[in-house]
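Peer 1: following is a predicted model, sequence given first.
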Amino acid sequence: MESRSRAGALKARDITAMRAALLAWYDREGRTLPWRIRPEDRAAGRAADPYAVWLSEIMLQQTTVPHAAPYYARFLILWPSVHDLAAAPREDVMAEWAGLGYYARARNLHACAQVVSRELGGVFPMDLEALRALPGIGEYTANAIRAAAFDLPASVVDANVERVISRVFAIETPLPAAKREITDTARTLADPDRPGDYAQAVMDLGAVICTPRSPACGACVWASQCKAHAEGTQERYPVKAAKKAKPVRHGLAFVILRGEGEAREVLVRTRPDNGLLGGMLEVPGTDWLDDADALPALSEAAPDGFHWREAGRVVHVFAHFELRLAVFAALLTGEANLPDGTRWVAVHPSRAAGLPTVMKKAVQAAL
């Protein structure tokens, strides 16, 4: 039976050489990121801030570094410590998260901050099991925090690492079935003496050199060991199972506006905690249904007392389905009976409303 760890077939000296080459490259060319402690920082006596590392890892779970960086900076300005974040109103945290997507992360972020602040004295644990017990921290994130924040041995396998390992060893098993094999192989290669630097180095290799398209193999320190490079099949890996077509859901969105210019506001409500966009703001609307013909008529679904105009349609793609919203708009010029549980928030960009992207699209269609 084939070993789960492809690296197990390598000689010890080959693994040692791969580690040394990767770390030397990282020392020279690794990315400088605001939450990262680089070797020269450590040599100068600076240590990683576990709060900053945790915050960055939660933001980066489903987001790129360029997209997450401004959010990371703003969060640290607003809430410089885990105690500050724990004490913040959750709705403020959710509003600042708007645009990062996967909003359960924001709810878990706030809940985790409260646990660390109130139950752990503001100190993040080093132990993997203790990290995994915290809200919103799974296997990957626990390992990433352990490596980057505490420089302790950990198996950190993100999409970048999956790509590197699957190419170097030409792993034919499609993802996600290959995850176990890739993780075991990555663990065998990991450097026990510089675990934090190694984990970040192999992620950087995937992010900067071993990119999804047109990888820079000529600059890769592992090119001589890479089976895919030898075969000229780099872009074939990682092999992925065929994607299924995303289902489509349909809904109606009702955008009620008042005021003009920078004073313009939109009527919103808070979604339930459970489910997609849980705890985030939304404009009133219908449930999202698989069958467009099953949607209620405008006269049945729209809030009463408004003159509605059809403002257009918006499409938004979530991870597991595509949403198509028919947007209707109304302008409040006097008094009206507003739907229960609603409130007004600013529309103008200089006074961000904290709306998730799909709701921003609906509001923009109505303006």
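Peer 2: Noted; the coordinates are in hand.
Peer 1: any stretches of the stretch 51-200 of the chain with poor pLDDT?
Peer 2: Low-confidence regions of the stretch 51-200 of the chain, defined here as pLDDT under 70, do not occur.
Peer 1: let me see the ranges of the helices in it.
Peer 2: For the stretch 51-200 of the chain, the helices defined by DSSP state H, counting those that start in this stretch cover 65-78, 82-87, 90-97, 104-119, 128-132, 139-150, 159-168, 179-189, 195-204.
Peer 1: dump those into a markdown table; add distance to Asp287 as well.
Peer 2: Glycine gets a C-beta too; all of them are placed from N, C-alpha and C. Below are these laid out as a markdown table (distance: least, C-beta to C-beta, whole Å):
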| stretch | distance to Asp287 |
| --- | --- |
| helix 65-78 | 30 |
| helix 82-87 | 33 |
| helix 90-97 | 21 |
| helix 104-119 | 19 |
| helix 128-132 | 34 |
| helix 139-150 | 32 |
| helix 159-168 | 33 |
| helix 179-189 | 34 |
| helix 195-204 | 40 |
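Peer 1: of these, which is nearest Ala346?
Peer 2: Proximity to Ala346, assessed across the helices of the stretch 51-200 of the chain by C-beta to C-beta, is greatest for helix 90-97 (10.7 Å).
Peer 1: may I see the buried residues of that closest one?
Peer 2: Neighbour counts over helix 90-97 (16 or more other C-beta atoms under 10 Å) mark 93-97 as buried.
Peer 1: how about the residues you listed in CSV, adding distance to Glu172?
Peer 2: Formatted as CSV, the buried residues of helix 90-97 follow (distance: C-beta to C-beta, whole Å):
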residue, distance to Glu172
Val93, 43
Met94, 43
Ala95, 46
Glu96, 43
Trp97, 39
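Peer 1: contact partners for Leu128?
Peer 2: 142-143, 146, 154 (C-beta atoms under 8 Å, 6 or more residues apart in numbering).
Peer 1: closest one of the residues you listed to His316?
Peer 2: Ala142 (31.2 Å).
Peer 1: closest to Ser117 out of the buried residues of helix 90-97?
Peer 2: When the buried residues of helix 90-97 are compared against Ser117 (criterion: C-beta to C-beta), the nearest one is Val93, at 13.3 Å.
Peer 1: buried ones in stretch 136-147?
Peer 2: 136-137, 140-147.
Peer 1: in a markdown table: those residues, plus distance to Phe254.
Peer 2: A markdown table is the format used below for the buried residues of stretch 136-147 (distance: C-beta to C-beta, whole Å):
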| residue | distance to Phe254 |
| --- | --- |
| Gly136 | 32 |
| Ile137 | 38 |
| Tyr140 | 39 |
| Thr141 | 38 |
| Ala142 | 42 |
| Asn143 | 45 |
| Ala144 | 41 |
| Ile145 | 42 |
| Arg146 | 47 |
| Ala147 | 47 |
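Peer 1: sorry, back to before: quick one: which of the buried residues of helix 90-97 is nearest Met59?
Peer 2: Trp97 (8.7 Å).
Peer 1: report the contact partners of the nearest residue to that closest one once chain neighbours are set aside.
Peer 2: Distances taken as C-beta to C-beta, 6 or more residues apart in numbering place Ala106 nearest to Trp97, at 3.8 Å, with adjacent residues excluded. By C-beta under 8 Å, 6+ apart, Ala106 lies in contact with 93-94, 97, 100, 279.
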